[in-house]
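Undergrad: please work out how this folds:
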Amino acid sequence: MAKGDAEDPLLEQPSDSSHLPSTRQNALTKRRYRRSKTVPDKICYPEQNSPASLQHHESIFENTLDFKLVLLLLSAYVGVGALCFFLVRYQMKGIKTNGIIDAVYFCIVTMTTVGYGDLVPDSTAAKSLACVFVFIGMALVGLLLSKAADTIVENQEILLVKAMHMREKCSPVDILREAETNRVKYKFFTVLVALVTLVIVGTVFLYWKEGLEFFDAFYCVCATITTLGYGDKSFSTSGGRVFAAFWILISTICLAQFFYSLAELYTERRRKSLVNWVLTRKFTVSDLEAADFDNDKVVSAAEFIVYKLKEMGKISEEDIAMVMEGFKVLDTDQSGTLTKADLMNPGSSDA
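TA: Residues are numbered from 1 along each chain as shown. All right, here's what the predicted structure looks like:
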């Protein structure tokens, strides 16, 4: 295509950015795929530099969650909630142990929506406080604690990969690469291990400290972590409620992470199946016509890649349109190519 016909610069691969061919033959030559001078002949992973070599790439998606802020908000919620419920402790009915412990325990049970019913508000003031704190607690769990748990789990994936390859000689970069390639799978197994551990710990504690039968202890654990909270079995001792204040919060969030990871794993497998089908199916004449975005009867490597990415669902027409708009803003001379002159032109920043 000629200079004036450069309607789709995203799909063009110029062979020389210093000048533009004027003839049709040169325009077609210009669109041939050619590797950029700034791109290596093959993609290779760093082998000598430690994980720091991958840090620049990962910093784009860097998790900005502030754990100090999460801890501060959680402490403020539990502290204020415990104080309020301690002040109205005589307006609560049920199984009571220690005033402060019961207040913290009730605050956690309310936050996680477990609601055993072993300790309930019995006045308008106490019920009003419970209504306020249940919504604040759910918001805190949904917006902050679940995200914090997700971040912690992702950090533990590396340890899981290292444990699985203990007897193999793997460099830190290989381990990072393996963890990133199978991130969803390793996240699922990490959460599964944590959940099973929490179930065992909770069952043993209820059996040993609360004096429940072993099966009743397991039943209480299941009713708790799923937030059913039937109330026929619960923590009724002061020591048990101290344990429950930590265990209930961690285990309920862990179960939520488990189901989220399970759904993510299923989606990832479906996505990989789709990608495999797109890459292996026969490329037909109708595909050739559909991939010819600029209608010049020729499909370039860039057009082929964009077409396949659209088939995989990785990009959409809207994505392409937005990228094209960005390209047009940078392409100040409307040549269909980007040069240093375009980037240094002051008009490009004003467009």
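Undergrad: for the stretch 51-200 of the chain, just list every one of the strands.
TA: Ranges of strands within the stretch 51-200 of the chain are 92-94, 119-121, based on DSSP state E, counting those that start in this stretch.
Undergrad: go through these and pick out the most buried.
TA: Using mean count of other CB atoms under 10 Å, the stretch among the strands of the stretch 51-200 of the chain with the greatest mean number of neighbours is strand 119-121 (a mean of 20). (C-beta placed from N, C-alpha, C; glycine too.)
Undergrad: who does it touch, helix- and strand-wise?
TA: Other elements packing on strand 119-121 under the criterion 3 or more CB pairs under 8 Å, 6 or more residues apart in numbering; DSSP states H and E are strand 92-94, helix 99-111, helix 124-140.
Undergrad: in CSV, list those along with mean pLDDT and distance to Arg269.
TA: Putting these into CSV (pLDDT from 0 to 100; distance: least, CB to CB, whole Å) gives the following:
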stretch, mean pLDDT, distance to Arg269
strand 92-94, 92, 46
helix 99-111, 93, 34
helix 124-140, 91, 31
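Undergrad: got these as a markdown table, with distance to Leu71 columns?
TA: Listed next are these as a markdown table, based on distance: least, CB to CB, whole Å:
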| stretch | distance to Leu71 |
| --- | --- |
| strand 92-94 | 27 |
| helix 99-111 | 15 |
| helix 124-140 | 12 |
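Undergrad: related to what we said a few turns ago, would you turn the strands of the stretch 51-200 of the chain into JSON lines with distance to Met324?
TA: Below are these laid out as JSON lines (distance: least, CB to CB, whole Å):
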{"stretch": "strand 92-94", "distance to Met324": "63"}
{"stretch": "strand 119-121", "distance to Met324": "59"}
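Undergrad: closest to Val78 out of the ones you listed?
TA: strand 119-121 (15.7 Å; CB to CB).
Undergrad: partners of that closest one in the sheet?
TA: Using DSSP bridges, the strands paired with strand 119-121 in its sheet are strand 92-94 (antiparallel).
Undergrad: show residues contacting the strand it pairs with.
TA: Contact with strand 92-94 is made by 85, 102, 106, 117-122, 126, as judged by CB atoms under 8 Å, 6 or more residues apart in numbering.
Undergrad: just those residues now: which is nearest Ser273?
TA: The closest of the contacts of strand 92-94, once distances to Ser273 are taken by CB to CB, is Gly117, at 45.8 Å.
Undergrad: give me the nearest residue to that closest one, chain neighbours excluded.
TA: Residue nearest to Gly117 in three dimensions, not counting chain neighbours: Gly231, with 3.5 Å by CB to CB, 6 or more residues apart in numbering.
Undergrad: the one you found in helix, strand or coil?
TA: coil (DSSP: H, G, I helix; E, B strand; the rest coil).
Undergrad: tell me which residues touch it, please.
TA: By CB under 8 Å, 6+ apart, the residues touching Gly231 are 115-118.
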